[in-house]
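Undergrad: how would this look folded up:
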Amino acid sequence: MNQAPKVLEGVRVLSLALNLPGPAALMRCRQMGANCVKLEPPSGDPMGTYNKAAYAQLHEGVNVLAADLKSEAGQQALHRELAATDVLLTSFRPSALEKLGLGWKKLHGTYPSLCHVAIVGAPGDRAEEPGHDLTYLADNDLVPGLELPATLYADMSGSLMASEAVLAAALLRSGRDVAGAGKTQPQGVLIEVALSEAAAYLALPRQWGLTQPSGSVGGAHAGYRIYPCKDGRVAVAALEPHFAAALCAAAGVPTSDVRAMFAPATHQAIAAFLLTQTRGQLDRLAVEKDIPLHTMAAE
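TA: Numbers count the residues shown, from 1 in each chain. Down below sits the predicted model:
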């Protein structure tokens with residue numbers, strides 16, 4: 001990640017966003033070469049309280065300043081920064097932006113060349129609705145059972161969309177034609193990034209049926225599953241025919257074509273073989289037979 005092309009070099013990004021999606025997007029912008037500044041409330045970013053290590057990594061190389069945006073002094077500090085900024089990054093509801101004097105009409109009128117990437121929970125009229133990563137995932141059928149998801153998928157994918165939006169804003173800002181004269185003059189744009197839409201994007205494979213139980217990467221294909229082994233678990237991803245053939249050969253399972261990988265007998269035979277193997281044996285098998293698998297400790 002640290003070797004990302006410095007495509008945002010020379011672009012100054014000011015962030016007012018707290019918690020995770022905004023700081024994660026700012027981290028990506030910094031990795032792409034942007035000059036990143038963040039204004040935090042005097043109490044700091046909550047992330048700095050509940051996970052100091054995460055906060056430190058997210059803000060490495062970021063110039064962090066403090067300002068109470070609800071005070072006159074804080075507003076003065078904000079506008080000093082805005083006057084020198086190319087892209088503003090926020091994660092407030094639209095009503096909160098209006099109260100802070102950062103509604104797009106007013107902002108664009110004051111700073112015509114400033115771009116604004118606004119992270120919201122849901123798009124358009126739903127932007128005022130309360131929500132969080134978990135609710136956006138649940139709304140898109142990405143929370144099976146009662147277990148919490150392994151990571152914050154909507155927040156992190158939303159941060160990637162937001163950093164992508166910063167890049168798009170920088171490109172649009174630098175390429176505007178002035179009155180058809182063929183001359184460019186920086187012109188600000190507003191781009192809204194909704195975490196609910198980020199979750200919906202991640203959910204597309206499930207909507208297509210790929211990750212449903214009947215789908216080839218949802219458990220129906222015997223070569224793409226998680227199995228117990230002798231001393232742990234193994235994630236097997238032998239989906240392509242040549243990988244599936246190598247897996248079946250190792251397990252002593254006869255196969256005639258790809259349809260056999262969906263047969264209950266194939267599932268049972270591969271499961272029985274893997275139960276006889278230790279993690280070490282399977283790790284060696286993966287190297288020797290070129291089989292994509294990864295062993296894990298038992299839960």
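Undergrad: Could you list the residues in contact with stretch 287-296?
TA: Contacts to stretch 287-296, defined as C-beta atoms under 8 Å, 6 or more residues apart in numbering, come from residues 229, 232-238, 243, 246-247, 249-250, 279, 282-283, 285-286. For every residue, glycine as well, the C-beta is placed using N, CA and C.
Undergrad: Work out the gap between stretch 164-173 and the centre of the chain.
TA: Put simply, stretch 164-173 sits 18 Å off its chain's centre (C-alpha atoms, centre = their mean, to the nearest Å).
Undergrad: Please identify the buried residues of it?
TA: By neighbour count on 16 or more other C-beta atoms under 10 Å, the buried set for stretch 164-173 is 165, 166, 167, 169, 170, 173.
Undergrad: again, but for stretch 226-238
TA: Of the residues in stretch 226-238, 227, 229, 233, 234, 236, 237, 238 count as buried by neighbour count, 16+ other C-beta under 10 Å.
Undergrad: Can I get it in CSV, CA atoms only?
TA: Below are the C-alpha coordinates for stretch 226-238, written out as CSV (Å, rounded to 0.1, in the frame of the first residue of the first chain):
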residue,chain,number,x,y,z
ILE,A,226,-13.9,-24.4,4.4
TYR,A,227,-13.3,-27.9,5.8
PRO,A,228,-12.1,-29.3,9.2
CYS,A,229,-8.7,-31.0,9.1
LYS,A,230,-7.0,-33.1,11.6
ASP,A,231,-5.7,-30.3,13.7
GLY,A,232,-7.6,-27.2,12.5
ARG,A,233,-9.4,-25.9,9.5
VAL,A,234,-8.5,-25.4,5.8
ALA,A,235,-9.9,-22.9,3.3
VAL,A,236,-9.8,-24.6,0.0
ALA,A,237,-10.2,-22.4,-3.2
ALA,A,238,-9.7,-25.0,-6.0
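Undergrad: one step back: okay, the buried residues of stretch 164-173 in CSV with distance to residue 153 and pLDDT next?
TA: CSV is the format used below for these (distance: C-beta to C-beta, whole Å; pLDDT from 0 to 100):
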residue, distance to residue 153, pLDDT
165, 18, 98
166, 21, 97
167, 21, 95
169, 24, 95
170, 26, 93
173, 30, 82
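Undergrad: Sitting in strands, which of these do you find?
TA: Assigned to strands by DSSP state E, none of these qualify.
Undergrad: ok, which pair from these is furthest apart?
TA: Greatest spatial distance among the buried residues of stretch 164-173 (C-beta to C-beta): 165 and 173, at 11.9 Å.
Undergrad: show me where the stretch 101-250 of the chain has helices.
TA: 104-110, 133-139, 153-174, 195-202, 204-207, 241-251 (DSSP state H, counting those that start in this stretch).
Undergrad: Would you reformat those helices as CSV and include distance to residue 59?
TA: Below are these laid out as CSV (distance: least, C-beta to C-beta, whole Å):
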stretch, distance to residue 59
helix 104-110, 24
helix 133-139, 20
helix 153-174, 14
helix 195-202, 21
helix 204-207, 32
helix 241-251, 41
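Undergrad: Select, out of the ones you listed, the one closest to residue 64.
TA: The minimum distance between residue 64 and those falls on helix 153-174, with 17.6 Å, by C-beta to C-beta.
Undergrad: just the angle between that closest one and helix 195-202, please?
TA: Counting by axes from the mean of the first three to the mean of the last three C-alpha atoms, to 10 degrees, helix 153-174 lies at 100 degrees to helix 195-202.
Undergrad: Give the other helices and strands that helix 153-174 contacts.
TA: The helices and strands touching helix 153-174, judged by 3 or more C-beta pairs under 8 Å, 6 or more residues apart in numbering; DSSP states H and E, are helix 21-31, strand 87-90, strand 115-120, helix 133-139, strand 190-194, helix 195-202.
Undergrad: Dump the ones you listed to TSV, plus mean neighbour count, distance to residue 63 and mean pLDDT.
TA: Conversion of these to TSV gives the following (neighbours: other C-beta atoms under 10 Å; distance: least, C-beta to C-beta, whole Å; pLDDT from 0 to 100):
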stretch	mean neighbour count	distance to residue 63	mean pLDDT
helix 21-31	24	10	97
strand 87-90	26	14	98
strand 115-120	25	18	97
helix 133-139	20	27	97
strand 190-194	20	23	96
helix 195-202	22	26	98
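Undergrad: Could you find the closest non-adjacent residue to residue 26?
TA: Among residues not flanking residue 26 along the chain, residue 15 sits closest, at 4.7 Å (C-beta to C-beta, 6 or more residues apart in numbering).
Undergrad: gap between the one you found and residue 97?
TA: 14 Å (C-beta to C-beta, to the nearest Å).
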